[in-house]
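> When you get a sec, could you give me coordinates for this:
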Amino acid sequence: MFESLSDRLSSAFDKITGRGALSESDVKAAMREVRRALLEADVALEVTKDFIDKVTQKAVGEQVLKSVKPGQQVVKIVHDELIAMLGSEAEPIDLKAAAPVPIMMVGLQGSGKTTTTGKIAKRLKERENKKILMASLDTRRPAAQEQLRVLGEQIGVATLDIIADQTPTQIASRALDEAKRGGFDVVMLDTAGRLHIDEELMQETQDIRDITNPHETLLVADSLTGQDAVNVAKSFDERIGVTGIVLTRIDGDGRGGAALSMRAITGKPIKLIGVGEKLDELEDFHPDRIANRILDMGDVVSLVEKAAESIDAQKAAKIAQKMKKGKFDLDDLSEQLNQMKKLGGMGAIMGMLPGMGKMKKQLGNAQLDDKIFTHQQAIISSMTKKERAFPKLLNASRKKRIAAGSGTSVQEINKLIKMHRQMADMMKKMGKKGGMGGLFGGGMPDVSDAELEAIAQSGEMPDIKELEKQLPKNIPGLPGLGNTGGFGNMPGLPGLPGKKK
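Reported below is the predicted structural model:
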């Protein structure tokens, strides 16, 4: 979503970060570029004006202009102000209230409210170990209540029984009573939406609020609607009283202005962001991490967290053990490709690594297509067990058979074998020189055999704060990126230990 804004800001900063000294006119020229970038990204005019005024005031100070690297100081000021605009600190959903805690979901029709209700319920159940009851109060949209019931079955969360001809307020009262009787920790109330704000919608939502007295009222807003999402947020907050915002479709190709404007205009925190259609694609909103992504500083902590949640600890530990012995067969490569897919593919990983924004753009035409993972796994699946264990057996006739079975070509099989050979050589180097530390000259933390065994036994998620401390200051590029003639020649990423499945 922020790619266009990131490109424009990067272009503006390139003009000042490479220079040894800056004048006040240099800074103001850069700020004009930043202003244009924000306005083109659909950031509200008053928010843009306030932001530029604050940055300019700090950036033209004598301390900045006479510093050793004034251009970088200006970028730091912009970074800090971006974080302040977005809310300084992450504010998760507050459950500190007497059970059952009522959470009311509000928003316009089509914003993803019902799906987001299911995503939050799944998240609270799995991460907070809460007992959740979901209730659909939408009596107008056809099959709205049935949709929530089906979602509940998919994620293993209870939903309120559907009784025909009940009003939204009657359903809300019944949901609270059922939650109290059933010993539920949280009751989620999915209210009806409209295509636009009208008096009937607001009055109905107010009546539900008065009956249920929700501890959290979360506005679900579609980030692709731009400035209209900000107007919707203002209207709901003035009439209903919103405690937080959930932005959906943050993975779309919108310009990102709604996310940057919403907190500044409403004063309400963005608590969660929907980063995809799947029910587990919901993330906490961290202002500092979003600011890092916008300025192409990466978001390694989120990448590590995602890896810790997505990757099977025992499988990762077994592969790591084989790597330390210099062994790496095609079954291991298939598992690595599967882990890359779980992390969102190559594009998602590169988007979270510092300074990769420009490289990602340069590789845009270099076959950077995540469908290649599926093709490569199809090739491996078409091999016999012996061929996967001993790739040297793959002669011309075997390759033709595998190509026919996987719907690919012999050339693609050759690329896959070359990629595997590069990775196997890299693993041997790691084994001889003592793990990742040997490969990168001590820049990455090494893991002992005992530690790997402990991870495999426990299956526990690694401590994120500890991982963050161990991460290198200058993260090396992905292996093979510099000299690859396309994604087919690029070695994959070694697996990170994660949560036991």
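> Which elements pack onto the longest helix belonging to the chain?
Longest helix of the chain, by residue count under DSSP state H: helix 410-433. Secondary-structure packing of helix 410-433 (3 or more CB pairs under 8 Å, 6 or more residues apart in numbering; DSSP states H and E): helix 313-324, helix 330-342, helix 371-381, helix 396-406, helix 436-439. Quick note: C-beta positions are derived from backbone N, CA and C, even for glycine.
> please redo it, this time with the cut-off set to 6 Å
Of the remaining helices and strands, those touching helix 410-433 by 3 or more CB pairs under 6 Å, 6 or more residues apart in numbering; DSSP states H and E are helix 313-324, helix 371-381, helix 396-406.
> Tell me which residues touch residue 186, please.
Residue 186 makes contacts with 101, 130, 132, as judged by CB atoms under 6 Å, 6 or more residues apart in numbering.
> re earlier: any chance of JSON lines for the helices and strands packed on helix 410-433, columns distance to residue 126?
Rendered in JSON lines, the data for the helices and strands packed on helix 410-433 read as follows (distance: least, CB to CB, whole Å):
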{"stretch": "helix 313-324", "distance to residue 126": "16"}
{"stretch": "helix 371-381", "distance to residue 126": "26"}
{"stretch": "helix 396-406", "distance to residue 126": "35"}
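> Deepest-packed of these, please.
Relative to the other members of the helices and strands packed on helix 410-433, helix 313-324 carries the highest mean neighbour count by mean count of other CB atoms under 10 Å, namely a mean of 20.
> Restricting to C-alpha, output stretch 186-204 in CSV.
Below are the C-alpha coordinates for stretch 186-204, written out as CSV (Å, rounded to 0.1, in the frame of the first residue of the first chain):
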residue,chain,number,x,y,z
VAL,A,186,-15.6,-12.0,25.3
VAL,A,187,-18.8,-11.4,23.3
MET,A,188,-18.3,-9.9,19.8
LEU,A,189,-21.2,-8.0,18.3
ASP,A,190,-21.1,-7.7,14.5
THR,A,191,-23.5,-4.8,13.7
ALA,A,192,-25.1,-4.0,10.4
GLY,A,193,-23.6,-1.7,7.8
ARG,A,194,-24.9,0.5,5.0
LEU,A,195,-23.5,1.6,1.7
HIS,A,196,-23.3,5.1,3.2
ILE,A,197,-23.9,6.7,6.5
ASP,A,198,-27.6,7.5,7.3
GLU,A,199,-29.7,8.4,10.3
GLU,A,200,-31.3,4.9,10.5
LEU,A,201,-27.9,3.2,10.7
MET,A,202,-26.6,5.6,13.4
GLN,A,203,-29.7,5.3,15.5
GLU,A,204,-29.7,1.5,15.4
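> buried stuff in that stretch?
Neighbour-count burial for stretch 186-204 flags 186-194, 201-202, 204 (criterion: 16 or more other CB atoms under 10 Å).
> List the buried residues of stretch 163-183.
Along stretch 163-183, the positions that meet the burial threshold by neighbour count (16+ other CB under 10 Å) are 168, 171-172, 175-176, 178-179.
> can you tell me which of these are in helices?
Among the buried residues of stretch 163-183, the subset assigned to helices under DSSP H consists of 168, 171-172, 175-176, 178-179.
> No further questions, thank you.
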